[in-house]
Each structure stands twice: as C-alpha cells, then as structure tokens.
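Enquirer: Here you go, sequence then predicted model.
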Amino acid sequence: MNNWQFAFQMLLGGIPLILGVTFISFVLMVYFGPDLTFELLGKNPSAEDISQIRHLLGYDQSFWTRYFNYLQELVTLDFGMSMMKDQPVADMLKLAIPVSLLLMIPGFILGNILAIALAIKAVQFRGQWRDKTIMTFSVVGMSISFLVVIIVFQISLSSSYGLDWFPVRGWEIFTADGDFDGVRYLSYVTVPTLATVFVAVGYNTRFYRAVLVEELNKGYITTAKAYGHKPSQVMYKYILKNAMIPIITRVMFSIPLVVISGSLLIESYFGIPGIGLVTYDAIIAGDQPVLKAVVGLTSVLFVLVLIMAELLYRVFDPRMGKVST
Amino acid sequence: MICLFKAPYLMKLNQLLLFLFLGLLSACQQQDNNDGNMNHEAQVDKKIYRHSEDGKPTSLDPIKASTIYSNLMAVNIFDTLYAYKYLKRPYELKPNLATQMPTISDDGLTYTIEIKPNVYFTPHASFAGGLGREVKAKDFVYSIKRSFDPANGGTGAWLWQGKILGIDQWKADGANYDQVIEGLKALDDYTIQIKLTQPYPQLIYTLAMGFSAITPREVVESLGQEFGSKPIGSGPFILTSFNSETAYLIKNQDFRAEPLDIYFEGYDPAKHKSYGLESLQGKNAPFIDELEVHFINESSSRWHSFTKGNEIQYTTVPKDKQNAVILQHDPILVHPQISKNYHYTYGTEAGFVYHGFNMDDPTFGMRGDEEHDKNSHALRCAIRKAHNWSQKNRAFYFGLGQVFPGIIPPSVPEFDPNLSTESIELDIEGAKTLLAEHGWNNDTLPEFEYHVTGSVLQKQFYEQMRGFLNKIGYPSNLIKYKPYPSFGQFNKAIKNRQSPFFFLGWTLDYPDAENTLQLFYGPNQTPGSNNFNYSNPAFDQLFEQSSTMLPSPQRTALYRQMNQMVIDDCVVISGLARNKINLWHKNVITFPDREIVGGFHLRYVDIKQ
Amino acid sequence: MNHQATYKAQPSHDLWFRAGQQLISDKLGILGATIVLLFLFITIGVWLGLWGQNWSETSDFFNQSPSLRHWFGTNAIGQDIASRGIYATKVAFEVGLLVAVCASLLGTLVGAVAGFKNNTWLDSSLLWLMGVIDSIPFYLFVAAIAYAMKGFIFSMHMAMILVFWTETARVIRGEVIKLNQLEFIESAVAMGQSQIKILLKHIIPNVSHLLIIQSTLIFVAAIKSEVILSFLGLGVKDGISWGLMIAESTNDIQAGYFLNFFVASGLLFILVIGFNLFSDALQDALDPKLQK
C-alpha cells in the first residue's frame, strides 16, 4: 500500500471520528451547556416570553433535528449567526483564526525547537550539573502558573514600570493602507511569544529529554559508535530519527489546540482579538452557534492531524508501514 | 556513560537561536522608536481618544443594551430623545434629539414630544442613494416596537409593557410594524405622542436609556440580526470595526451642530475647574476624530496599558491597584505621583451589592405557618447580625465602599441619611441570643447553602461569610459552597427559586428608588426581577400607590416606609455602594462618569494638542 | 540489526534487583524519594487531623507579613497561608496522585491492547475513542462527565482520568508496535509467553521512564485543572488546593502581596521536582547500560 492509498484510507476512517466527536460534543452542549434563556430575557418576563425565547434559540426542537442541522452546517461551513454578538459565526472565525495563528506559531515553533535543543544538551551531559540545571528550570516552568508568567513578562518588558520596550496591549499589525507590517508584528508578538515559550519549554524539555535518553540507551548506539560513526552522526542519524515518533506525536497533537483554542490568557492580557477569546466568550455566554463551529472545526482538524501523524510515522519508521500491510 | 561526544552542530543551533532572539529584541526596540514617531505624527492631524471599560458588550443592537457596556456603545452610535446633563449632579435630564422636555397632559397620561428636524442617519447602502435619510418621529415609534417583536430577542420591553396603551396587544396580534398602536404614534414627521395606561413618572428616564435609541427601519430590515454587529444610527460616532477586544469608532461629521454650553450642563468651578472644561465652551461636539473603546477585564493589563502613556487614556482604578493610588481614606487623598500625572475623580456607584434570601425557600423563607415563619425570621435576622460589613468592605473594597441600611442607596435623591444603622451593625451576642431564643442550635440549625458563580473572588466571599457565621456558632460542616459555571446558570437557579441565599449587585437604570423597590414587589416574583420572592401585601399596596406619583415628599415618605418593611423582615443583608476612582491622562479634557450618565460624556471628550 | 535481539532480554528479577541496588546508591534519587515521602507524611498528618486544620478561619488581619503566629502571613481575607498550604497538600495527593496513577494505568492498558492488536478493528475503535476524546474541548468534556456523575465523590477524578489517559495510551501503543517488531519479543511469542507476561517483562520496563514522565505531567495538569473544575462546581468544594491558592495569588500579586503565590508554587515545585529526581534515578537504575 503506498502512502496515497494509506492517506485516503485514513481520510475515510476520519469520517466516523468526526461523527463521533460532533455527536458527543453536541450531546454535551445540549444537555450540559449553559442555558441562554434567562440571559436573553428582560427584567420581568412572563411564561410566554420564556417560551418565545426558547423558540428563538431553537431549544424547543427535537434533539435529532438540531443535530442534523448541525451536521449540515458543518458540511456547508455556514454556522449561522452568533447569538450574543449578532455577527455571522463564519466572519468571526475568519477574523480571529489568522490572528491566533500569527500569535501562536512563533511560540509554538520556538518552544519545541528550544526544548529539543535543551533536551539534547541535557542528555549530552546526562547526570551532570548542566542536566540537573536544565531539569530544575523545566520544573520551574511547569510549576509556575501561566498567568503569573504573563503578568511578570508584561510588567518587566512592556510596562512603564519595567523596560518599556514593547506595547502592553494591541494587535495593530497592519499599516494604514492595510499592508502587513513586519516590524509592528514583531513588537506585538514578542512578549506573548516569550511567555508561551517559557512555559512550553518546561513541559516539552522534560518530555523530550526522557525520549532521547530512552533512545540513547538502546544497544544500536553503542554498536554504531563501535562501527566508528561520529557522535554527531549518531545523534542525527539514529537518536533523533528514532525519537521522532514520540516527538511527532506530541507536536502534531498540540496543533489543533494552537489553531482553534489559541490562548485565552495571552489574548486577554495582551488585547489580541484571537480565537481563544471568541471561544471563551462563547462558552461563558453559552453561544451555541460559535461553540458548535469551534468544536466541529477542531474535530476536522484533528482528523487531518491524525492522518499527517500516521504518514510521518511511516516516513520515520518504515516498519510501522510494514505491519499494516 | 556512553554519550560524551562533542556536538558542533549543537553550537550552531544554539548560536542560531541566540541570534534569532537578539535579532527579535533589537528589531523591536527599533520598532518602538518608529512607532512612537508615527503616533506622534498621527496625533498632529487626528485626535484619538482611547477609552477603556472593564467588561465587554455583546450585541450592539440597542434593544439588547441591557449591560452598562452595551448601553455605553448604544448611546454613542444612536440618538436617544433625552440625555443626562454632562456635569450636573444629582443627575438631571436634558433634551437630546427632542427639542425640549415633553409636554405632559394634566392626568399624566399623554406625552407629546417634538424632535429636531434635519438630523440624519449615517450613510448606509440600504438608504435611497446610500446617503443617510432624515430621522423622523416614525423612526422612534418603530424602534420602540422592535423591543416588543418576539422575533428580535430584545431585553428592554419590561420598561414599557403594561404601561404604553395597546403595545402588549400589538405584540399579541403578531407584531406587524404597519399596524398603528394607540399609545405610540407619530403625529407628524417631528411629533411623537405616547399615551399611557396609568401615570408612569419614570417614563422620561427610559427615553434616555440605550433601549429607546432610534434605529432606521431600512437598515434593520436589510441586515436582519446582523444589525447588532453593524449598527447604523444618528449618534455622535460611527462604528468602523468591532472585535472581542476593541471597538473602533470615528466622529460623525454630520452630527447636528449644537454649541456646548457648559453652564447649562452644570459646570461648577468649585468642582470642575481643574479639568480644563472651559475650553470646550461654545464648540460643537464631538471634539475627537476617533474613539477607541478597549474592553479589558484583566485589571493588571488595563493598569499597565494606562500607565504606559501611549495606550489607553482612561481607566477606573482596579481593586488591586488601590493601594498604589490612594494615600489616605476619608477624605480620600491620592498619591502625589498619581495626581501629578493624571486627573482623577472619585464617586459612589449608582447601585449596590447585597446578600438576599429566597423567601420562598422552605427553610429560610416563609411558608405561612406562623411558628415556622417566626423562627425563620429569627434565623435570617441572626445571620444578618453576624455579617461584618466593615470587614467585608476592607477585604474586598479597600475600605472605600459606603455601607448603608436598607435598599435605597445613597445615589438616589430618596436616600435617608438618618436611617438607623442597626441592620448593618455587627452584633454577635445579639445573634446568638436570637438563635437561642428560637431554639436554633447545632442539632436544629439547617444546612446553609451559599450559591455563587464560580470564581476565586466569589469563593473568598463564601469563605469570609462562613467565617462570620462560625462566630455565631453556625458550624462549618453545615455551610455549603454551591458554585455555578456561569452567571447564566446561577441566574437560572435563582429564577427557578433553587437558591436559598445569594450575593448579587444591582445597577440603577435611572436615579429613582422605584428602580430598587420594584425588586421586592410581589407580582415581580421570579422569573421577574423580585429574586427574593418577597411577597408582602402591605408593601405591594404602598408600591402601587407610589408608582403613579410624581417625585414629592409624600412619595419619598412612602418609599422610606417600604424600605423599613424590607429591613424589618430581614429579607436582605444590604448594602454596600462601591466607590470608584476614575483616572485619565492630563492631555485629555473630560469628566467621566460611567454610572447613570452611561456613555453620554464621550462626545464631549477633547484632546489637548 | 542483530544486536537488537539482545536488548534487555535478560532475566527480569536480576534486572529489578540490580536496579534496586543502583537506586540506593543514587543520592539525588534518595533526595527525591525523601521529598515525596515527606509530603506523604504531611498528608497523613492532615488526614489524621494533626495539622493544617485551621485553614479556613478568617480574621480581621488581612495580608499580614510572616510572624510567629502566621509563618507565611495571611491572605486577603485574613486566613493563615501556611495552614492552607499544608492542608492543600492533602488535596494534591487526593487529586493529583490519584488521577496521575489511574490515568497512567488506564493509558498503559489501553495503549498496550491497541498496540498488540494493531490493525484490527479493536485497535481502530480504541484509536477512534482516543481521537474523539482528544478533539472535544477539555472543559466541555470534563464538565459534562462530572455533571453526569454529580453526587459521586470521585466525579472530578473520574472526569480527569477519562481525559488524561489518551496521551499515555498513544505513547505506549507506539512503543508496543515498535517493540513488537523486535526479535526478542518475537522469540518470546514463539516460546509461548502470554501477552500479559510480555507486557510486564519486556514492554513496561522499556517504557517505564516515559510512563513516569507522563505521570508527572498529568499530576501537574490535574492540580492545575482542579481549580477551574472547582469553579464549575465540580472540584474540591470544602477545601483548599494549591491551584486555588495560585489562582487567588494572581489577584494578590498585582497588589504587591506574594506570599500566597510563593507558598503554593513553592510546594508544588518541590513535590514535582521530588518526583522528577526520583523518576530520573529510577530510569537510570533500570538502564542496563548504566549498571555497574
């Protein structure tokens, strides 16, 4: 079976996944999600007003009608209007998703690269003070609350109480003519990125170090060295390559979170209108059209990531492919 | 060890990262300078004012303007018939789109209001020729009707239902906008007539609320629900874009030219002299070219943005920054550094926070059984005596809150400064005696559920309340924390009478104590606004009697009588009116007030150049 | 590559014995174990009512500095921060440890089954299940499970376990599939060893460190999620946790009070580092190459 056939098969396999995710999350939203009725009512409503609102919100339709409408919306990518914002959901997402991507990607990439680099360093000096230092710092990164990290970075780098180098809030990355301005972009993205990296590196280094140590212990490394391969070659050719499976798993499965969930805390502290805030506002307000869109898109993206991950596994470890034939 | 190898590629990787990192930093530093220059240049030709609020609006459709944030946006994008005077306190209305105060018939039932001619909506494609058309009396009629159309999901109908003649029937008949309502008519292009079923002295206040703002029918019909995110009105500002963080507005160039008369608006040199408002005299509002409203929940972020200098120019002082701003309480004195850099005002909110009991609760409420009602009354009063307002005030409001007895807050003219403070005094011995007298002890005391919206702050409120109750011998294991995931869920539980005790706040819609007294009116029981499900025929009778009365000492006496009833029945532990400090940059000329005046002050903001 | 066949195929009792010896001689490992045991001791003391019992008492003394009466001062409503930190240790064990252990066990089990049954319908269904769980927004899922099991005291634990096991399962599944190819497993299968035996003897030792790392990550995640769940009405209601203290402290910090933050973050940090030191030592001990 070649990779294309494999991908196709995976895509077909993705359909039940999407159905499962949408169904379960829809059940959750319908039965356990916030009920908007009383938020949308005026101050002295009658029983009649209440039933009118429920009708307007579609709460009086049968479960299956609502679910099939949802699937239809997912296929046509038309999620209707946000209940709270009176804005087409598609418009809201179109504006917010690119913002979140631009905001999160640098931190995501740097966080992983830096963690791998640190993990390599730690492994290289395994058991020595450098290793211990790196590990201690990664545990610090894990133990400190993200919120506190954000506040500290904001005060020290952006505010007038600190270095005052970057803007505190905002996301005006386009010039008056609507062109993308790289310099402005850097000024807005740097501090959020540093905060993200600080926290992500903690978790990632911890994980990658363990993965690398595992590979290092395997017999073939000694053999490779005995055969006269250079240490750098060993690191590149064997260790990193073999460690790729868990690394890919970790990296790939965090992608949907980056794209769809964004980072609520980063966005609200730095005043960046991304998808994290849109989702949070929707959860808090019980804005089902928005929630449905976000959940639906997450599951679709997740299926794509799953396929990509399986394909990459085959690239890095051809034996996995062999098993499947 | 098997891995002591040198790794030259690693050095490269590290160097690369370091390089990237440094590059990033230096690029940004450079950028910072550029940005500063750009801002500077921009300010020469354009006046931009960056306002901030601590919450965000949802829809911008005026019929959904139920929060102060939505209301702020609505009154700046749309026109209302009346508005509050800019500087006058206590609050006083003035004509806005109306030419003068309404003509009211002798029986108080018919209001006739003239509106100004030559006022235009801002341009939109659905107007003939794309240019804004003139605002007519029929637009007002249409705008009020929209609140009663079940398809719209408006939240303001309670202001007029049962009060404007025929409007409820209009809704029952299917909400046909072409059908004329007896009580709400456009007599001609510039004359509105409102007929009431009974005198309603508060009507005029409702005409200064965002709910009654004037919307153009063509645009609403062409946009449908989307009107709430693309509003078109005739107000001083035009919305250009709006996201979850910021609303960007520009000046409405065609806003009616009306020279500002600061003396008419209530200018008082003793109070307003230092703010530079005199320079606005005789000029036409709005004075700024662009208005940005930043919605910032996070107080630390808001504070740092404010103190940055080139970002937001106005903020209220967040709780956790009060010790950095305030040097001394009572009289309030701010830190010299703050008063040197910023202008400030200080005032009590038009509202208050309170704890309430659900009087319908089988344990804490009343159920008509005399013995039980007497004991539950004692229990409620004992809990009220246990409540330590001063400790709460210091822990959560930096000691700046104003604690007052009863439900008529200091912000309304009917407030009674001489009312006995017994109901807000800590009296642990009294509470213990009361409990003992009525047979409440560890075996008989009921489980006390504290219902809240889940958050750190609410949990601290709960823990403090538990501490208060422990002091009168209420054991901890009987005091339960019951959080809800969202305010909506919490509110639903209250409306379904599932919450025996709750902590809530009330923000006044207009400066008249009727607005808080109606919270205790029997027929308003949940799902109405009477969350206490308080039902006292004597109270209801007085409420009905006073509701048709114009402001007068007689009406105030009735109000105070009702207030006393609520206090005597131990329905609420009330209340505390929070104090707010407003700060703004020295180059901004303004006198901000986020209370009843809402967003009306934004049109008078100016920037010194 | 023939040499792979010899890899960790030695008798396991020998391996565990030598690992034990190795562990004892590792000073940092001992330190890690001591830290964990110390926290366990604190927890038992709280359970027995020996200390940390006045964590909820409020007073009129807000935001006090450390004193003899209050070792780490008081918080915004006058509660003793030291007592709260100590009492919260119990919650950390009750929530974090329980969730970490159960989620790891569940993940190992499911991952191993899926790995052994690779490319069968069972594997596909399990993968489907993991995919579904991973794609649903975390808080929506957890809140719904906990809500559905309302009244059950372990509802929050169950909810977190049901969410957190998937990553472990994926890692284990991948390892099992990889190891399954290796000849020593093939020969073990040929010798008629049962799959459970193979799992315990050959696979678990090979992934033990990943499991431990994964567990510490789950531990931290559980402690941090507990706060939000407690706001949803699902977490610890009549208690205090480090997560909650950290959440409280974000308000304090801006007003210039850091004690809440230091105590809660510090305790969390020490316990996590204790786990990590111990797990590293364990990993070294289990590593045949490093054994003398």
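Expert: Arrived safely.

Enquirer: near chain C, anything from stretch A:244-254?
Expert: Yes. Contact between stretch A:244-254 and chain C, assessed by CB under 8 Å from any CB of the partner chain, occurs at A:Ile245, A:Pro246, A:Thr249, A:Arg250, A:Phe253. Where C-beta positions appear, they are placed from N, C-alpha and C, glycine not excepted.

Enquirer: Point out where chain B drops to low pLDDT.
Expert: Applying pLDDT under 70 to chain B flags residues B:1-44, B:597.

Enquirer: would you list every one of the helices in the stretch 451-600 of chain B?
Expert: B:456-471, B:487-495, B:514-517, B:537-547, B:553-568 (DSSP state H, counting those that start in this stretch).

Enquirer: same check, this time on the stretch 201-325 of chain A
Expert: Under DSSP H, counting those that start in this stretch, the stretch 201-325 of chain A gives helices at A:219-226, A:231-233, A:241-256, A:264-270, A:275-285, A:288-316, A:318-324.

Enquirer: buried residues in stretch B:85-96?
Expert: Buried residues in stretch B:85-96, counted by 16 or more other CB atoms under 10 Å in any protein chain shown: B:Lys85, B:Tyr86, B:Leu87, B:Lys88, B:Arg89, B:Tyr91, B:Leu93, B:Lys94, B:Pro95, B:Asn96.

Enquirer: my bad, should have said stretch C:256-274
Expert: C:257, C:259-265, C:267-274.

Enquirer: got the residues of the stretch 1-150 of chain C near chain B?
Expert: C:Ser56, C:Glu57, C:Thr58, C:Ser59, C:Asp60, C:Phe62, C:Ala76, C:Ile77, C:Gly78, C:Gln79, C:Ala143.

Enquirer: Let's see that with 6 Å instead.
Expert: Proximity of the stretch 1-150 of chain C to chain B (CB under 6 Å from any CB of the partner chain) is limited to residues C:Thr58, C:Asp60, C:Phe62, C:Ile77.

Enquirer: Of these - the most surrounded one?
Expert: C:Thr58 (24 neighbours; other CB atoms under 10 Å in any protein chain shown).

Enquirer: residues in contact with it?
Expert: B:Gln464, B:Gly467, C:Ile77, C:Gly78, C:Gln79 (CB atoms under 6 Å, 6 or more residues apart in numbering or on different chains).

Enquirer: Help me confirm that B:Tyr346 is found in a strand?
Expert: Yes. Read with DSSP: H, G, I helix; E, B strand; the rest coil, B:Tyr346 is one of the residues of a strand.

Enquirer: Next, count neighbours for it.
Expert: 15.

Enquirer: wait, it sits on B:Asn582?
Expert: No. B:Tyr346 is beyond contact range of B:Asn582, at 7.5 Å (criterion: CB atoms under 6 Å).

Enquirer: what would the residues of stretch A:244-254 next to chain C look like in CSV with pLDDT and neighbour count?
Expert: Shown next, in CSV, are those (pLDDT from 0 to 100; neighbours: other CB atoms under 10 Å in any protein chain shown):
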residue, pLDDT, neighbour count
A:Ile245, 76, 22
A:Pro246, 75, 22
A:Thr249, 76, 19
A:Arg250, 78, 19
A:Phe253, 76, 19
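
Enquirer: Put together TSV for those residues, with distance to chain B on each row.
Expert: Converted to TSV, those look like this (distance: CB to the nearest CB, whole Å):
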residue	distance to chain B
A:Ile245	20
A:Pro246	19
A:Thr249	22
A:Arg250	19
A:Phe253	24
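
Enquirer: got the contact list for the residue nearest the centre of chain B?
Expert: In chain B, the centroid-proximal residue (CA atoms, centre = their mean) is B:Ile68; its distance is 3.7 Å. Residues near B:Ile68 by CB under 6 Å, 6+ apart: none.

Enquirer: Perfect, I'm done here.
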